[in-house]
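Novice: A predicted structure for the sequence below; I have some questions about it.
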Amino acid sequence: MIVYWVLAQCYVPVALFRGLFFYRGEKTPYSHAFIDGFLKLLFAARVIYVDPIMREKVRQLDRCVLLYNHRSVADFTACMYTTAPDRVSYIGRLTAFIVFPVAFCFFYLVENNFVLFNRGAKDRKKLKKRLFSGMLELVQRGLFVVVFPEGHRNTEKTTLPLKRGAINWAYEQGLPCAIVLHDGNEDMINEKALTFHRGVQIRCLHKGIYLPKDYSNRRAFFDTIASDFAQGYQDLIATK
């Protein structure tokens, strides 16, 4: 496990080279190069798209809040890879910085495409204000924002109840949300078992796109997303 962690930090110079020459013209070329290499070179992971047509519809949006289930620390690369790595950003806890400190320092300075927060902050109003301000700046730059609305990592064959904050904010801003569900990330990196595995198959389902204008109020918007989020994961694991 320690070997892979060290390799992940050392991969940054390679990502710089690949981003500069192979992904030029993209909004987040260095992030694209890093997550692409992390999954393909370090882990040799294989992604199976259950609904590639819906995936392409999501990719065609000019801006979107991507709602992912949270299975593993591997989510911070796998989830960025499976939809729009060319223009991706995400909201994440400070603990993610501990896992990828070199990469995060570099990409923060170059692409500034993520907002980190301290979940234990005492001033919740101030925390939310800073988060939503950062999210608005990201979408205004034409980036997709990755959010984990469950709030916690969960490796059971279920999903957790969703937090309302980001989804309600998206409704108020008139921003579409898309549900994207993964199964298998925890087999690639499992923090509880302290294991890393190569050659893992990750299954990804783009469940649907949700437009605020189609709902009369934010409660209906949230309730539909919450229901489809839970059912979508059950559909995903049932089709193995």
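Specialist: Alright, I've got the coordinates.
Novice: List the residues that contact residue 181.
Specialist: With contact set as C-beta atoms under 8 Å, 6 or more residues apart in numbering, residue 181 has these partners: 68, 69, 204, 205, 207, 229, 232, 233, 236. C-beta: built from backbone N, CA, C; applies to glycine.
Novice: in the protein, which helix has the most residues?
Specialist: Identified as the longest helix of the chain according to DSSP state H is helix 218-238.
Novice: Would you map the strands across this structure?
Specialist: For the chain, applying DSSP state E gives strands covering 46-49, 64-68, 88-93, 114-117, 144-147, 177-183, 189-190, 195-196, 201-210.
Novice: so how far is the first one from its chain's centroid?
Specialist: In this case it means strand 46-49. 16 Å (C-alpha atoms, centre = their mean, to the nearest Å).
Novice: State the mean pLDDT of it.
Specialist: Summarised as a single mean, pLDDT over strand 46-49 is 96.
Novice: elements contacting that strand?
Specialist: strand 201-210 (3 or more C-beta pairs under 8 Å, 6 or more residues apart in numbering; DSSP states H and E).
Novice: Partner strands of the strand it packs on and their direction?
Specialist: Paired strands of strand 201-210, with direction, are strand 46-49 (parallel), strand 177-183 (antiparallel) (DSSP bridges).
Novice: Which one of the contacts of residue 181 is nearest to residue 146?
Specialist: Among these, residue 68 lies closest to residue 146 (C-beta to C-beta), at 6.1 Å.
Novice: got a list of what the nearest residue to that closest one once chain neighbours are set aside touches?
Specialist: Closest residue in space to residue 68, ignoring its immediate chain neighbours: residue 79 at 4.6 Å, by C-beta to C-beta, 6 or more residues apart in numbering. By C-beta under 8 Å, 6+ apart, residue 79 lies in contact with 66, 68, 90, 146, 180, 182, 185.
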